[in-house]
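S.K.: Next comes the sequence, and after it the predicted model I'd like to discuss.
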Amino acid sequence: MNRYVIRALFSIGLVYGVHAREPISPPPSIQAAVRARALGIPFEGSPGPLNAITDVAGVTVGYSTIVSGEGKLEVGKGPVRTGVTAILPRGEKSFNDPAYAGVFSLNGNGEMTGTAWLEEGGFLEGPVVITNTHSVGVARDAVIAWRVSKGGPDPTGFLWSLPVVAETWDGYLNDINGFHVKPEHVLQSLNDARSGPLAEGSVGGGTGMICYEFKGGTGTASRMLESKTGNTYTVGALVQANCGRRKQLTIAGVPVGREISEGAVFSKENGSIIIVIGTDAPLLPHQLKRLARRASMGLARTGSVSGNGSGDLFIAFSTANPGAADPAKPTHAVQTIPNDRLDGIFEATVQAVEEAIVNALVANQSMVGRDDHKVDALPHDRLRAVLTKYNRRSP
């Protein structure tokens, strides 16, 4: 990919934060921004204007996508198919105004740093960063360096951070032991974080990921709902989808993976998924943990059984109650929704996660990586045909 192609991709919003240390070879072609709904998949619920986690006001997302090399694996040289995704609950204010948050591990064969303190203290004190399994350390250190570079101390008066950095494994397509994610890639994803429409598929930390043995990666979706009191709330999801066996894939209740069975690449469960939920609904940490649990149900709708080898780690945060962590005040008055009124938010979470995973599949093209390993994209024409066969395709 030469500099002119990169500029073109930037201009149409399909790739953010592309960088590499060596010349970049031509990647798989990137199709126009087709999303799952455009294929007639009958999702439930009402999406926000962007149908993305950035429908939650204040949330920004940035990517650094690293694609270079082809052919036989040479550790340290490539081929490289990896990257970094950064989600900032309050944009650059995320460190100075922590957000209430909760986490849930459906299956722990993975990593999400910083969660011991998040569970204890109830706040997400910065961004959520997602990358590949062997780049968690460099990403964590880079987030701290970014925090320090941004100036003032945290609300306790110290420059102190336990960043949340999560991972999924991209070693089938990527030179994962070559350690190609560098601090500058992490900083780029943080500095480039923005609101508005988001690229999906093989971007950021999702670049080298595989989902249900199709090309997977980054996907997002949102839901809007009106409470009984007349308030409108938004729930958004962003996933780094790298999980599941082909035979499990289910879309809109249809056994898509069994109908499109050719091209499977693994002999056993070999991946993971990170799910990030953001909402503007005023929820407390224990309620956000309940929200993170509901991500499991959105994942299950797509067919996953969360196998032994899958790291399925979920985090939920709320952008409501700004200033709740400010130690300058001896007490804070915060808002929350009674537990008896959470069912709609739970349902919205399940729906947004399901669609985000399918968007990660639909937004992709086939990719060839290390040792000429090839992973096919979910074919749109075949998917339409299968949905029609089961009478599940929307007009």
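M.R.: Great, that's in hand. These figures come from a predicted structure and were not determined experimentally. Numbers count the residues shown, from 1 in each chain.
S.K.: dump the residue contacts of Gly307.
M.R.: Asn107, Arg245, Lys268, Glu269 (C-beta atoms under 8 Å, 6 or more residues apart in numbering). For every residue, glycine as well, the C-beta is placed using N, CA and C.
S.K.: burial of the third one, as a residue count?
M.R.: A total of 8 residues lie near Lys268 under the criterion other C-beta atoms under 10 Å.
S.K.: now Glu120
M.R.: So Glu120, with other C-beta under 10 Å, has 9 neighbours.
S.K.: so which strand or helix has it?
M.R.: Element membership of Glu120, judged by DSSP states H and E, is helix 115-121.
S.K.: what mean pLDDT does that helix have?
M.R.: The average pLDDT within helix 115-121 is 97.
S.K.: Check stretch 379-395 too.
M.R.: Mean predicted confidence for stretch 379-395 is 95.
S.K.: Start at 36, not 1
M.R.: With the count now opening at 36, the last piece we talked about shows up as stretch 414-430.
S.K.: List the buried residues in it.
M.R.: Leu418, Val421, Leu422, Arg428 (16 or more other C-beta atoms under 10 Å).
S.K.: Throw those residues into a markdown table and include secondary structure and distance to Val393, thanks.
M.R.: Formatted as a markdown table, the buried residues of stretch 414-430 follow (DSSP: H, G, I helix; E, B strand; the rest coil; distance: C-beta to C-beta, whole Å):
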| residue | secondary structure | distance to Val393 |
| --- | --- | --- |
| Leu418 | helix | 9 |
| Val421 | helix | 13 |
| Leu422 | helix | 11 |
| Arg428 | coil | 14 |
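S.K.: Same list, those, but as JSON lines with distance to His220 please.
M.R.: Compiled in JSON lines, the buried residues of stretch 414-430 are given as follows (distance: C-beta to C-beta, whole Å):
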{"residue": "Leu418", "distance to His220": "33"}
{"residue": "Val421", "distance to His220": "38"}
{"residue": "Leu422", "distance to His220": "38"}
{"residue": "Arg428", "distance to His220": "40"}
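S.K.: Could you point out which of those is nearest to Gly149?
M.R.: Using C-beta to C-beta, Leu418 is the member of the buried residues of stretch 414-430 that sits closest to Gly149, with 37.4 Å.
S.K.: what's the helix holding Glu155 packed up against?
M.R.: strand 134-143 (3 or more C-beta pairs under 8 Å, 6 or more residues apart in numbering; DSSP states H and E).
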